[in-house]
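**Student:** Pasting a predicted model and its sequence here:
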Amino acid sequence: MRLVNDWKRISLAAVILIVLLRLSIGWQFLYEGLWKYDQLKGPNPWSAEGYLKAAQGPFRDHFRNMTGDPDDLGWFDFDTVNNRWTRWRDTFVAHYGLNEKQVATLDQLLTGPKDYRVSLPQLPPKVAELDRFVRDELRSGPKLSYDAARKQLVLDASTPLKPDETTLLLAASDLKRNEQGELVAKENAPEGALNDVSRAWYLAIETLDSQASKLPYRSKLLAQLKGDPDKVGVIAKADQRYAPVMGTERSDGKTVEMIKYGEIQEYKDMLAAYKAAEKKAKTDFELAHLEATWAKIQAKRTGLAGPIKALEKSLKDDATKMLTREQLGRGPAPREVTPLTKASDMAMWSLLILGPLLLVGLCTRLAAVAGAAMLLSFYLVVPPWPGVPQPPGPEHSFIVNKNLIEVIALLAIAFMPTGSWFGLDGIFRWLFRRGKAPATK
């Protein structure tokens, strides 16, 4: 009975402070949600990826899996990234209404031309039989040909010139560049080597080499995910003509040699070893070792996925540069719907909805409970519990952190009529009671 009487005598100061607490949390929610929403309009939209992937503790797998690709393995698969780029290209074209010229420019950025062409009135004597020169001198390396009808030197885009091939082609002109960068005849060149035909050939080869060196983005992606032996490794099958040197692996009954062990496979093996050790780790030493191993894995992941992510960002930046002012006014192209965008949007819209409800005191109890549930999920991403590694930062907590304190505060608000004290809940309650007919005896 004493407790009930004390509750009825709650002071005005306590009422004001509790209402201010509700308003403060509501404002924090609203501002955070507005900031995230505003970031969606920029080139680097906000995402919950970093927070979710850093999850630790007993719910670690649940939160990390919300990203759809917790270990960034999709970034190491050429087809996955390439298909995403194709979907992005179609969305980009439709959203900004690109004209034919812009579409052609975008496709050239992505895929590049089928071949590179440069004007050339005629071939110099040493390469008059261009097919033979390519076959014998260049060992059939580049697909280089001469279009006599259009008077153009043509290089197939699938075979960009290698440095040694460029050197041999330039040497066929008997010319070189001096220290001032001027074209001059070589010391042992025949008389009259410095002529218009040789000069045109030298400049044509330089132009082709420059054009072909600017690889389209798909080719750059292919080079990183399928052509870089440091990343993907080198595998060869033993046969009668070739016997690899390094240790063998058995695959389908055939001998397969791992000539070079790629970093991507090394990263996958590190992940598998970590997951196996995680299930067995019990002691403080094992947990500390596990934490150190995880840091190494994340460093490896960043080093491998970083260049691919940077490549994608560069592609989108280059594509944006071709847009007119009117097209830019349409805002950013819609994001592809993925598990990560769903998780990010759910957090953002929760903040944008619950914040105003708490501020104006509408459905206050429900908003407070929902806000407490949302913050509890944030708390569980990296709970400050014994044995759970904590992210670096100025905050040092044990069991209780800022998120949990706000959870408790919101639950307290939910059990008090703060919306009736100051808010729309009070107005609606007054109107509802006023509209009731007086009871008859």
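**Tutor:** Structure received.
**Student:** how close does Ala200 sit to Pro334?
**Tutor:** To Pro334, Ala200 is 49 Å away according to C-beta to C-beta, to the nearest Å. In this view, the C-beta of every residue, glycine as well, is placed from N, C-alpha and C.
**Student:** same thing with Leu215?
**Tutor:** For Leu215, the distance to Pro334 equals 29 Å [C-beta to C-beta].
**Student:** okay, the two: which has more neighbours?
**Tutor:** When Leu215 and Pro334 are compared for neighbours, Leu215 comes out ahead with 14 against 11, by other C-beta atoms under 10 Å.
**Student:** tell me the SS of that one?
**Tutor:** coil (DSSP: H, G, I helix; E, B strand; the rest coil).
**Student:** now it: how far from Ser140?
**Tutor:** Distance, Leu215 to Ser140, using C-beta to C-beta: 22 Å.
**Student:** what about the residue positioned nearest the centre of the chain, helix or strand, and which?
**Tutor:** In the chain, the residue lying closest to the centroid (C-alpha atoms, centre = their mean) is Lys309, at 4.3 Å. Using DSSP states H and E, Lys309 maps to helix 284-321.
**Student:** what mean pLDDT does stretch 412-423 have?
**Tutor:** Mean per-residue pLDDT for stretch 412-423: 91.
**Student:** Please apply the same query to stretch 168-176.
**Tutor:** 91.
**Student:** Need the phi and psi values for Val154.
**Tutor:** Main-chain torsions, Val154, degrees, to the nearest 10: phi -120, psi 130.
**Student:** repeat for Leu106
**Tutor:** Main-chain torsions, Leu106, degrees, to the nearest 10: phi -60, psi -40.
**Student:** what's the burial count for it?
**Tutor:** So Leu106, with other C-beta under 10 Å, has 19 neighbours.
**Student:** How much space separates it from Gln224?
**Tutor:** Counting by C-beta to C-beta, the gap from Leu106 to Gln224 is 21 Å.
**Student:** In contact with the residue nearest to Trp35 when sequence neighbours are not counted, which residues?
**Tutor:** In space, and not counting its chain neighbours, Trp35 is closest to Trp46: 7.8 Å by C-beta to C-beta, 6 or more residues apart in numbering. Neighbouring residues of Trp46 by C-beta atoms under 8 Å, 6 or more residues apart in numbering: Trp35, Lys36, Gln39, Leu40, Ser344, Met348.
**Student:** ditto for Arg22
**Tutor:** Leu358, Gly361, Thr364, Ala368, Ile413, Thr418.
**Student:** other SSEs contacting the helix holding Lys309?
**Tutor:** Packed against helix 284-321 by the contact rule (3 or more C-beta pairs under 8 Å, 6 or more residues apart in numbering; DSSP states H and E) you find helix 78-96, helix 100-110, helix 217-225, helix 263-280.
**Student:** still on that earlier bit, the residue nearest to the centre of the chain against Gly74, yeah?
**Tutor:** No. Assessed by C-beta atoms under 8 Å, Lys309 is found out of contact with Gly74, at 11.1 Å.
**Student:** hang on, the earlier thing: of all the contacts of Trp46, which two lie farthest apart?
**Tutor:** Trp35 and Ser344 (13.0 Å; C-beta to C-beta).
**Student:** the more surrounded of these two?
**Tutor:** The residue with more neighbours, out of Trp35 and Ser344, is Ser344; 23 against 12, by other C-beta under 10 Å.
**Student:** Would you mind identifying the next helix or strand past whichever strand or helix holds the more buried one?
**Tutor:** Secondary structure from DSSP H and E places Ser344 in helix 339-360. Using DSSP H and E, the next helix or strand after helix 339-360 towards the C-terminus is helix 364-381.
**Student:** List the buried residues of whichever helix or strand comes after that next one.
**Tutor:** Downstream of helix 364-381, the first helix or strand assigned by DSSP H and E is helix 402-414. By neighbour count with 16 or more other C-beta atoms under 10 Å, helix 402-414 contains the buried residues Asn403, Leu404, Glu406, Val407, Ala409, Leu410, Ile413, Ala414.
**Student:** distance of the third one from Leu366?
**Tutor:** It stands for Glu406. For Glu406 relative to Leu366 (C-beta to C-beta), the value is 17 Å.
**Student:** which residues touch Gln152?
**Tutor:** By C-beta under 8 Å, 6+ apart, the contact list for Gln152 reads Arg117, Val118, Ser119, Leu120, Tyr146.
**Student:** can you list the domains in this protein?
**Tutor:** 2-68+338-434, 73-102+228-326, 114-215 (automatic domain parsing).
**Student:** Lowest average pLDDT across those?
**Tutor:** Among the domains of the chain, domain 73-102+228-326 scores lowest, with a mean of 82.
**Student:** what about the closest residue to Pro70 other than its chain neighbours, helix or strand, and which?
**Tutor:** Using C-beta to C-beta, 6+ apart and skipping residues adjacent in sequence, the residue nearest Pro70 is Arg64, 3.7 Å away. Secondary structure from DSSP H and E places Arg64 in helix 60-65.
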